[in-house]
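J.: Any chance you can model this:
(2 chains)
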Amino acid sequence: MPLARSLSVTSLSGLEDWDEEFDREDAILFEIAWEVSNKVGGIYTVIQTKARLTCEEWGENYFLVGPYMESNVRTQVELIEPCNAALRRTIDKMNSSGCKVYFGRWLIEGSPYVILLDVGFTAWSLDRWKSELWEKCGIGVPWFDREANDAVLFGFLTAWLLGEYAAQCDDPPHIVAHFHEWLSGLGLVLCRQRQLPIATIFTTHATLLGRYLCAGSVDFYNNLAEFNVDKEAGDRQIYHRYCLERAAARCTHVFTTVSQITAIEAEHLLKRKPDFVTPNGLNVKKFSAMHEFQNLHAQSKARIQEFVRGHFYGHLDFNLDKTVFLFIAGRYEFSNKGADIFLEALARLNYLLRVNHSEVTVIAFFIMPARTNNFNVETLKGQAVRKQLWDTAQTVKERFGKKLYESLLVGQLPDVSKMLDKEDFTIMKRAIFATQRQCLPPVCTHNMLEDSSDPILNCIRRIGLFNTSQDRVKVIFHPEFLSSTSPLLPMDYEEFVRGCHLGVFPSYYEPWGYTPAECTVMGIPSISTNLSGFGCFMEEHIADPSAYGIYILDRRYRGVDESCNQLTSFLFQFCQQSRRQRIIQRNRTERLSDLLDWRYLGRYYISARHMALAKAFPDTFIYEPQEPTSATGFRYPRPASVPPSPAHSLHSSPHHSEGEDEEEQYDEDLEAEKDRVNIRQPLNVPNRNKNNAVVLPEKN
Amino acid sequence: MTEAQAFVTLATTDAYCMGCIVVGKSLRRHGTSKKLVVMVSPNVSRVGRLALDDVFDEVVVVDVLDSRDKAHLTWLGRPELGVTFTKLHCWTLTHFSKCVFLDADTLVLCNVDELFEYEELSAAPDPGWPDCFNSGVFVFRPSLNTHTQILEHAAQHGSFDGGDQGVLNTFFSDWAVKDIRKHLPFVYNLTASAVYTHLPAFQQYGHHAKIVHFLGGIKPWHHSYNPQAASESSFRDSSKNFAAQFMHLWWAEYYSQNQQQVKKDDKKEDYSVQQLESSQTHPTPTQSQMSRTEALHREMRLASPLQDLTLDSLTISSSKTSEEMLSDRLSCPSREIKSVQQLDSSQTHPTPTQSQMSSTEALHREMRLASPLQDLTLDSLTISSSKTSEEMLSDRLSCPSREIKNILFEVLSGGETEETPIVSPPSEQETEHKDPETADDSAAGIGKAIAAETEEEDSERRRMWEQGHVDYMGKDSFDNIKRKLDLFLE
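T.: Coordinates of the predicted model:
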């Protein structure tokens, strides 16, 4: 599918002009999602991070529509009077007809306007609305599915809101309504059914059925075209939800998904080929100092090393400076997230490192929340022991320093043999004895509730990675989200990621994949798959992804065993890189962050909106899709110097000097400059409401 | 003295109206001498209120006092409980000296007027926590003073379960220990849910049950009701499934459509028809009872059968003149309803609007138009039948959704009907049984039968969706849904 660019009639063709300039003067944008100011899953992140850019683009004409949840409103939303007269009339009218509609500003970057609909308050209309839904669309909703019933209420309320707003405007504006996910999809269907003058866009971030099928360990991608979708959905008791989703996809003017892989999935499961792929972006934080992220990496790494020192006390027979930290993180879906093949690859890597007598040690962290009974004693004890050793060292140092000082005061050079007396040795010996340990360092940091049936633990038992001293690969399973207040590993997720060397996300089902994207903008290399949205996107935009620290595993056209071998070889390659090579690679990875910034990715949304307007109002807007070939114009090239892969770097000795080998030559600035040419400049939005975007005027 | 006492119940949604109707009817059936009062919240539709008006002496509209204590409510997982705070308003019914409150999800099995011998606050223990009373059935004395106190108490202490039961139990906190005379026997508030824990006790005392309470999230009106299956499985084989048995009783009561009043209807018929023809004002309660309950019922289930009605009448109009008259009359209002409803839905006004009111009026009129003709057919065609015409009439009235259809059947077929049980609606099997006879007679009969089938099928299909049993490989496949969507996508 082409990641098509859009061109208005007026703008010239050519790579430089993205069409940001179509006339938006009388257009209004509503973006509707269940997760507006209501965090449930990943869509919250998408909308929240995108808001700033969209606000700059649309200013006062941008409204997010979501459900009213009291607790969220109290913490995230500032309720104010509606900002324009038509909207005020709309809201007053609805409130006087038995609804509760709130208006405010969402206190996030960009502070967009939000319209919040109290779904519970109109629950009494449910029966009537369900009857209407049945009559108009032939879709029924079981009374016991709370979420689906909420979707019905939310759908009817949004359609009402949009219809009322269109009616309240004297000079009807061009309204674009952008709906996210099936939970809001019914609103779209109703807008179309009522023939409202609204351009509609529907974005699925994953398909309902895809998620269910993958969770049921079906050979999903090879059978994608063969599924009898009605039957599969019906058998899984999600037929009504699936119908709502598919009806929205059917009715919308423009249909988009977040990635190529989800586009294929949607084409087969929802039977409509998406018009656009609208990848998810991030708000990239730019540091003023050039290599600030490298410094942050060093700082965070030091803290992880501290933790490891405690965790492996009594077994610290490896060199921490030659230890590579890998991690996998996310929801605990053992096979969907690829924890299964990661563990298998680790076992193979362990073997490879041992037979090659490698000095490198690998520590793999699994950060996946499961049900636990808090930390286990052994893990906590490790940190306590470490602290005790530190305290002992401090005490001895103090005493040592005092003696040194006294000796200098009397004008004598200290007698080194007398600096440590017997008592000091006793303290130190006692401390060393305390570090003796009968058991191996624990694999899991917590007491698991379902220890005997836990898939990760069972897999580790099977492959035998028990953190013995012969093992070059050690495993630590942290079944809880990271928190800076944890007594064990007091870091938040971002700090932790910065301190690791490589993120490993070999997911089987991953519509987008924010985790590798987050790694990338922090300059941490990652492994993803060509079944994840992120992997597809990177593969398409970068000529040699692995040189940029984006390893893409082929899980689509290969069997599990082959994929496992590939993963093992990626890991082995990575382990063989020198420190310098890793630094170069991180620099390259970090340069990709421009590619993941909303300022760059937002343009797909812009095109989608333009196309929707052109379809709904053909007299006013014209949309000409660009030739697919132009999409290739912004690929990252192979990096100027040779990729830091071990195949090319025969001299991996640390004493090897830089100038000797031409292949190793690396000029960061030169390379960065080339990359900058190859990526388009971040979008410069014609900012219509600059003042509003910066200062928040109280409009009452 | 007796005048000043009443049974009070509460409807907060249209669905609960169904429950209230059953409470009211079951009380009436067992000959209560007390007044019947129902409190309704403002969101209950006009149709619902009218239906209640037929059964109850007083319909009191109460402003919803929503507890808004969302944290508690979500904890219970049943936010709909919040509105039962409206319940507390029952203390303001001060024109009664003493009242008995019955939840809308209760069913009275015999005369329970003796409850008025108890004092405030008498209630039965809650099956889940016997030191608390269950607030589904309780005796109280209306008093503005008490009312304010309870509200203040609620404002100060909140509710430990997020509903009224929590408030009342903390307010009347000495109920468990102070006076055993205020403990109602458990038979006055028997839990009907399937998991009744002490089965031997139930077998010993269960048949003494006087009031059944359908506790929990699943109410009788959530279940579909198939009288045939019910009478075969649970009614006869009654030792097995008490819950199903009570459920059956509930539906029987719901469909019973007050035989007592039907007889009154007979006498008053001419008068009331006249009155209704001339003025569109409030009809007398007894007359339009059926049509209103039916209107509510339809509203709850689905409005679409009306379309089929039009179809029915059109197919039949081709055959006979006397029928033509009927069908003309029928088709007009039903078309009207259809258009009105479309209008209504496109405006999406939640409050009952003028158009909605007229639609119910139209529905009423339609029903009424049918009734004189019905007598005619009965008189002329079913003389040979063994039943008295009165019985037949009540039969027919007990199932108004089929009423018109059945009459037409008789016109066509010469009116051979089987005896149907008084309290249950005719099942599909019965209709099918009749079909072959009629079909032989005329081609119109076939069209009629098909139309009837689609009407039935449609509401049945929706009911199946509601229960999560979708015919996704057949009629409900997405291709059919798509066809429906494409109608408005050009």
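J.: In the stretch 1-150 of chain B, what residue comes closest to chain A?
T.: residue B:43 (4.3 Å; CB to the nearest CB). C-beta here means a position set from N, CA and C on the backbone, and glycine is covered the same way.
J.: okay, now that residue: neighbour count?
T.: 21 (other CB atoms under 10 Å in any protein chain shown).
J.: do the same with residue A:398
T.: Neighbourhood size, residue A:398 [other CB under 10 Å]: 10.
J.: Quick one: classify it as helix, strand or coil.
T.: helix (DSSP: H, G, I helix; E, B strand; the rest coil).
J.: cool, residue A:308 as well?
T.: helix.
J.: Leaving out chain neighbours, which residue sits closest to it?
T.: Distance criterion CB to CB, 6 or more residues apart in numbering or on different chains; nearest residue to residue A:308, sequence neighbours excluded, is residue A:363 at 6.3 Å.
J.: Please, which helix or strand holds the one you found?
T.: Per DSSP states H and E: residue A:363 is located in strand A:361-367.
J.: Report the mean confidence score over that strand.
T.: Averaged over strand A:361-367, pLDDT sits at 96.
J.: quick revisit: what separation is there between the residue nearest to residue A:308 and chain B?
T.: Distance, residue A:363 to chain B, using CB to the nearest CB, to the nearest Å: 41 Å.
J.: pretty sure that residue is touching residue A:318, no?
T.: No - contact criterion CB atoms under 8 Å: residue A:363 and residue A:318 do not qualify, at 9.0 Å.
J.: Between these two, which is the more surrounded one?
T.: Legend: neighbour count by other CB under 10 Å for residue A:363 and residue A:318, higher for residue A:363 (24 against 19).
J.: Name all residues that make contact with that one.
T.: Residue A:363 is in contact with A:308, A:323, A:324, A:325, A:326, A:473, A:474, A:475, A:476, counting by CB atoms under 8 Å, 6 or more residues apart in numbering or on different chains.
J.: can you do 10 Å?
T.: A:304-305, A:307-308, A:311-312, A:318, A:320, A:323-327, A:467, A:473-476, A:500-501 (CB atoms under 10 Å, 6 or more residues apart in numbering or on different chains).
J.: How about chain A: which residue is closest to chain B?
T.: residue A:140 (2.5 Å).
J.: residues touching residue A:318, list them.
T.: Counted by CB under 10 Å, 6+ apart, residue A:318 has contacts A:308, A:312, A:359, A:360, A:361, A:362, A:363, A:469, A:471, A:472, A:474.
J.: wait, I meant residue A:42
T.: So residue A:42 contacts A:35, A:205, A:206, A:258, A:280, A:331, A:511, A:512, A:513, A:514 (CB under 10 Å, 6+ apart).
J.: Nearest to residue B:169 among these?
T.: Closest approach to residue B:169 among the contacts of residue A:42 (CB to CB): residue A:35, at 38.1 Å.
J.: and that closest one, helix, strand or coil?
T.: coil.
J.: That one contacts residue A:184, doesn't it?
T.: Yes - judged on CB atoms under 10 Å, residue A:35 makes contact with residue A:184 at a distance of 9.3 Å.
J.: joint contacts of these two?
T.: Joint contacts of residue A:35 and residue A:184 (CB under 10 Å, 6+ apart) are A:43, A:66, A:67.
J.: Please name the nearest non-neighbouring residue to the first one.
T.: By that I understand residue A:43. Closest to residue A:43 by CB to CB, 6+ apart is residue A:35, at 4.3 Å.
J.: That's all I had, so thanks and see you.
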